[in-house]
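> sequence first, predicted coordinates after that:
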Amino acid sequence: MLRTDLLEQLDTPTPWDMIIIGGGATGLGCGVDAASRGYRVLLLEERDFAQGTSSRSTKLVHGGVRYLQQGNVALVMDALHERGVLLRNAPHLVSNQAFVVPDYAWWERPFYGIGLKLYDMLAGKLGFGRSRILSRAKTLNMIPNLEPTDLRGGVIYYDGQFDDARLAVTLARTMEDLGGLPVNHMGVTGLLKDDQGQVCGVEATDSLTGDIRHLRAKVVVNATGIFVDSVMRLDDAAAPPLIAPSQGIHLVLDKSFSPGDTAIMVPHTDDGRVIFLVPWHGRVLVGTTDTALDAPAAEPRPMDEEIEFLLEHAGRYLTRDPRRSDVLSVFTGIRPLIRAQGTDRTASLSRDHHLTISQSGLVTIAGGKWTTYRKMGEDTVTQAARLAGLPSHSCKTENLPLHGWMNGLDPRDHLSVYGSDIEDIRELVRHDPELGRPLHYKLPYLRAEVVWAVRREWAMTLSDVLRHRTRAIVLDAAVSMEIAPDVAAIMARELGRDAEWAEEQVRAYRELARSCLAE
């Protein structure tokens, strides 16, 4: 189903049961939950699915070792449970990843070893593997490029890894499979209210055409992540801010900096945060930072001091110190942390989710993290359905296989993220062998994936394809700029657009991609 097919279903004579604003992890989680309960649900995303924070995570499905250190056992237990649920429901998107906490002081191994045993215990039957103490030799065998000076050994534990933007696209596909309507590039610019002042719909503007629609619903959910305050102010101009935005960046390095399959977890940096060095899609991700912001931005930019912070800390733990010239890409995200009184450190603010209903009936879900997206959706839809007087249906998502469910795939095969759709992509290549050519020798992606993204995944812009359907901009920003004209030409043919459209897409994309370089 093309996006044009979705648009034809927008205007209905009867109100939607539920309209969800926001196409990130939270909104899509709500959309899948609502659709699985049989509600008529519409999801509107101003830009693309996972455009914001939801495509800029550390790519981990985890309980949060640091939250255990903070004493937030309840959050860790919920997250560990949800981690296991996601592995069961989407094995084509989630894989088991080994992490080592290196030990450079005599007290570190027993200290972290005890904490990680507790982590295992809280995970219970949904655990990914048992932690254990490692000798110095075993630690270096698992991470050959680890700094050996003063190394005593380490502790190994297991967590989940995933591709965040691909999970978001999969959730949108799952929502559609269930009868819901996910629409990207459709921004909400106003809220509709009835004679009693209750929210009864939205004013939506198509970001690609400028067309304006008035869409009615029995209940409206604000699930816009870092922008929940903006939507709350559409409802009440005096609404107090709920979010304390915090910026985090990640550096992407060549795999040669840490050639093994094991990730490194650094439990205590100079600013008290945890950072990770994680193998992902043939690269190494290094992150993250924590910088308080005055206000969120749609396209946040990395700060020089953040880049230097991560380069310095990575250099402490690797035998080869990375430099700016080694950075293939920098991606920057903003955490939607719940604001608290009396603290200036965003690292200590809550990752729990916060659900609120305004006097006019706007339901707002804020906070949380990728790992707990499903539980956030369940809680939100239950409350929204009750508020709207919808028929009571129990949550179905805990045991709901996501679109493309397929077990036994090798996560090192980049096509594994498509799950059972892999065969359809291969059929495109059989029909047109030219589509089997890689887009670039430094990237794993095929030309067929561009066609698939347009025909089946509602990709409408060059950014949609190179940022969220493939992860080209993350794996190598400079290379993604090289292939931009080729990808734009394929998209233009699929979308029926002209050369002028393709040229404008390339210009806009290259301007964006330059902000992902560490120059």
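Yes, it's here. From a predicted model like this one, the values you see are computed outputs, not experimental measurements. Numbers count the residues shown, from 1 in each chain.

> tell me the SS of residue 308?
helix (DSSP: H, G, I helix; E, B strand; the rest coil).

> and it, how far is that from residue 285?
With distances taken as C-beta to C-beta, to the nearest Å, residue 308 is found 17 Å from residue 285. Quick note: C-beta positions are derived from backbone N, CA and C, even for glycine.

> so between these two, which is more surrounded?
residue 285 (24 against 12; other C-beta atoms under 10 Å).

> ok, the residue lying closest to that one once chain neighbours are set aside - contacts?
Excluding the flanking residues, the one nearest residue 285 by C-beta to C-beta, 6 or more residues apart in numbering is residue 278, at 4.8 Å. Residues near residue 278 by C-beta atoms under 8 Å, 6 or more residues apart in numbering: 58-60, 97, 161, 263-264, 284-285.

> mind giving me JSON lines with those residues and columns for distance to residue 29, pLDDT and secondary structure?
Output for the contacts of residue 278, formatted as JSON lines (distance: C-beta to C-beta, whole Å; pLDDT from 0 to 100; DSSP: H, G, I helix; E, B strand; the rest coil):
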{"residue": "58", "distance to residue 29": "19", "pLDDT": "95", "secondary structure": "coil"}
{"residue": "59", "distance to residue 29": "18", "pLDDT": "96", "secondary structure": "coil"}
{"residue": "60", "distance to residue 29": "17", "pLDDT": "94", "secondary structure": "strand"}
{"residue": "97", "distance to residue 29": "22", "pLDDT": "95", "secondary structure": "strand"}
{"residue": "161", "distance to residue 29": "19", "pLDDT": "95", "secondary structure": "strand"}
{"residue": "263", "distance to residue 29": "26", "pLDDT": "96", "secondary structure": "strand"}
{"residue": "264", "distance to residue 29": "30", "pLDDT": "95", "secondary structure": "strand"}
{"residue": "284", "distance to residue 29": "29", "pLDDT": "97", "secondary structure": "strand"}
{"residue": "285", "distance to residue 29": "23", "pLDDT": "97", "secondary structure": "strand"}
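
> which one of those is nearest to residue 213?
residue 59 (35.3 Å; C-beta to C-beta).

> from what I see, the closest one and residue 160 are in contact.
No: Residue 59 is beyond contact range of residue 160, at 9.6 Å (criterion: C-beta atoms under 8 Å).

> helices or strands up against the strand or helix carrying residue 249?
Element membership for residue 249, per DSSP states H and E: strand 243-254. If contacts are counted by 3 or more C-beta pairs under 8 Å, 6 or more residues apart in numbering; DSSP states H and E, strand 243-254 sits against strand 283-287, strand 291-292, helix 304-317, strand 329-338.

> ok, that strand: who's next to it in the sheet?
strand 283-287 (antiparallel), strand 291-292 (antiparallel), strand 329-338 (antiparallel) (DSSP bridges).

> where among these is average confidence lowest?
Set side by side, the strands paired with strand 243-254 give their lowest mean pLDDT on strand 291-292, at a mean of 91.

> quick one: low-confidence ranges for the protein?
Along the chain, the parts satisfying pLDDT under 70 run over 66-72, 340-351.

> picking up where we left off before, CA atoms of the strand holding residue 249 as CSV?
This file holds the C-alpha atoms of strand 243-254, laid out as CSV (Å, rounded to 0.1, in the frame of the first residue of the first chain):
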residue,chain,number,x,y,z
ILE,A,243,10.2,17.7,29.4
ALA,A,244,13.8,18.5,30.4
PRO,A,245,15.6,17.8,27.1
SER,A,246,19.1,16.2,27.3
GLN,A,247,21.3,15.8,24.2
GLY,A,248,23.4,12.7,23.6
ILE,A,249,25.7,11.9,20.7
HIS,A,250,27.3,8.8,19.2
LEU,A,251,30.4,8.4,17.1
VAL,A,252,30.6,5.7,14.4
LEU,A,253,34.1,4.2,13.8
ASP,A,254,35.4,1.6,11.5
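
> distance from the chain centre to that strand, please.
12 Å (C-alpha atoms, centre = their mean, to the nearest Å).

> could I get the contacts of residue 278 as a markdown table with distance to residue 322?
Shown next, in a markdown table, are those (distance: C-beta to C-beta, whole Å):
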| residue | distance to residue 322 |
| --- | --- |
| 58 | 17 |
| 59 | 19 |
| 60 | 21 |
| 97 | 21 |
| 161 | 21 |
| 263 | 16 |
| 264 | 13 |
| 284 | 9 |
| 285 | 12 |
